[in-house]
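> Generate coordinates for the sequence data below:
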Amino acid sequence: MDTKRPPGQARIPQSGNREAREPQPLWGGAESTNRSFVRNPASDLLGMAQDGTELRTSLEPCYAAILRPPVILQYVNGVPVNRISMKSTLIAAAATAALGARQAAAHATFQALWVGGTDFISQPPSPHTCARLPLSNSPVTNVMSNDIRCNAGTRPVGAKCVVPAGSTVTVEMHQQPNDRSCSQEAIGGAHHGPVAVYLSKVDDATKADGSAPWFKIFEDSWAKNGAGGSGDDDFWGTKDLNTCCGKMSVPIPSDLAAGDYLLRAEALALHTAGGSGGAQFYMTCYQLSITGTGSRTPAGVSLPGAFSASDPGILVNIHGPVSSYKAPGPAVIQGGTTKRAGSACVGCEQTCTPGSGPSGTVTQAPQPQPTGGDGGSGCTAQLYGQCGGIGWDGCTACTSGSCVKLNDYYFQCQA
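Reported below is the predicted structural model:
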């Protein structure tokens, strides 16, 4: 809710708000064209849409922490009187928003599901998916929003994936839609954090809204790396995703009652979690029909409600030494699976090179200019993929465009 402000004062985006969608939807379909927004970066900063209604800020904490436009603090008769002019402010805002749109490539989406080794996307009719794909690869940052259930802008789909109780499903994440290659990280930009998978028993998975209780069946969180000096060096679930080409295998408990479920795959990025509202949740819900003879329906938690912005697993600085870490939400149910971060994955591709070092606000002292990996060996990063930065040992040449320094820890291929 707005507080009172002098006449003529622009709306200043509030921290912790859910980010606006990216300049164009990533996924096709009617739901991606419901509303037309002005994509003038200055308009985004002022929080206005084409129809004059409120538009939440598109300046994600990740890159707002890197290049933050000047904020007007004082007004006299509705006129800004600080030393930086409105024109300069809007120019800075335009540059920052343009940078933000490009940096969104470091974001990611769970987009595919395997059941017992079968890739459901490749099954007829193709593409066959039971995933409620979000409109964008941007994260959810407001843990009290209904978006924390299945992501923003998602709707039920017509298909269900049939999953026998006791079998294993594999969720798959990548930065860009329909790009399932292993040439770049599944979730880039040093977005370190835990991975969790929940189930919710529902009457009809094609109609459920996510309000039924959720219980956690899988977690790949954190483990200490004795050779490292900070949390960035430790083992994390998202690093395991990158090692395994975006794939995470999740056993389904064998004694679950048959019926429809929503499966919620969640990756939590903590690179900007040192301030309230900085933690980034990336999640997708899959519609399942679980078969079997079991009868158990575990107790669950409500979403929103299971998380608080001040939970120690959400409000945390991982850029210094981390002695312990507990992922947010409930404990894994009896019969579920807890994977030790950094432990080997089974049958997964190991062709991604995880980066290191944060891409948001950092506490480390300045370090020498990085050189990256061997860019002359034929290895190339895709457009808007990472191509350098302190600690980066992946590709430094770009398939197209050039490698541009965004900060000491993140270089990006740009057109």
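> Now do the same contact list for the closest residue to Gln175 other than its chain neighbours.
Among residues not flanking Gln175 along the chain, Ala108 sits closest, at 4.8 Å (C-beta to C-beta, 6 or more residues apart in numbering). (Each C-beta comes from the backbone N, C-alpha and C, glycine too.) Counting by C-beta atoms under 8 Å, 6 or more residues apart in numbering, Ala108 touches Asn137, Met173, His174, Gln175, Ala186, Ile187, Gly188, His191, Gly246, Ala267, Tyr282.
> Check Asn146 too.
Residues counted as contacts of Asn146 (C-beta under 8 Å, 6+ apart) are Gly210, Pro304.
> Looks to me like Phe215 is in a strand.
Yes: counting by DSSP: H, G, I helix; E, B strand; the rest coil, Phe215 is part of a strand.
> could you pull out the strands for the stretch 151-300 of the chain?
Shown for the stretch 151-300 of the chain, the strands assigned by DSSP state E, counting those that start in this stretch span residues 161-164, 168-174, 195-202, 215-220, 222-223, 235-236, 247-251, 259-269, 280-291.
> what mean pLDDT would you report for the fourth one?
Per-region confidence: strand 215-220 scores 98 on mean pLDDT.
> Check which helices and strands that strand sits against.
Judged by 3 or more C-beta pairs under 8 Å, 6 or more residues apart in numbering; DSSP states H and E, strand 215-220 is in contact with strand 195-202, helix 237-243, strand 247-251, strand 332-339.
> Using JSON lines, lay out those together with mean pLDDT and distance to Asp260.
Below are the helices and strands packed on strand 215-220 laid out as JSON lines (pLDDT from 0 to 100; distance: least, C-beta to C-beta, whole Å):
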{"stretch": "strand 195-202", "mean pLDDT": "99", "distance to Asp260": "5"}
{"stretch": "helix 237-243", "mean pLDDT": "94", "distance to Asp260": "27"}
{"stretch": "strand 247-251", "mean pLDDT": "94", "distance to Asp260": "18"}
{"stretch": "strand 332-339", "mean pLDDT": "97", "distance to Asp260": "18"}
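> Mind telling me what element the nearest residue to Lys405 once chain neighbours are set aside is part of?
The shortest distance from Lys405 to any non-neighbouring residue, by C-beta to C-beta, 6+ apart, is to Phe411 (5.1 Å). Phe411 belongs to strand 410-414 when assigned by DSSP states H and E.
> quick one: strands adjacent to that strand?
strand 386-388 (antiparallel), strand 402-407 (antiparallel) (DSSP bridges).
> picking that back up, the residue nearest to Gln175 and Cys413: what is the separation?
Plainly put, Ala108 is 17 Å away from Cys413 if you go by C-beta to C-beta, to the nearest Å.
> What of Val301?
Taking C-beta to C-beta, one finds Val301 at 41 Å from Cys413.
> of these two, who's got more company?
Ranked by neighbour count (other C-beta atoms under 10 Å), Val301 and Cys413 place Cys413 first, with 26 against 16.
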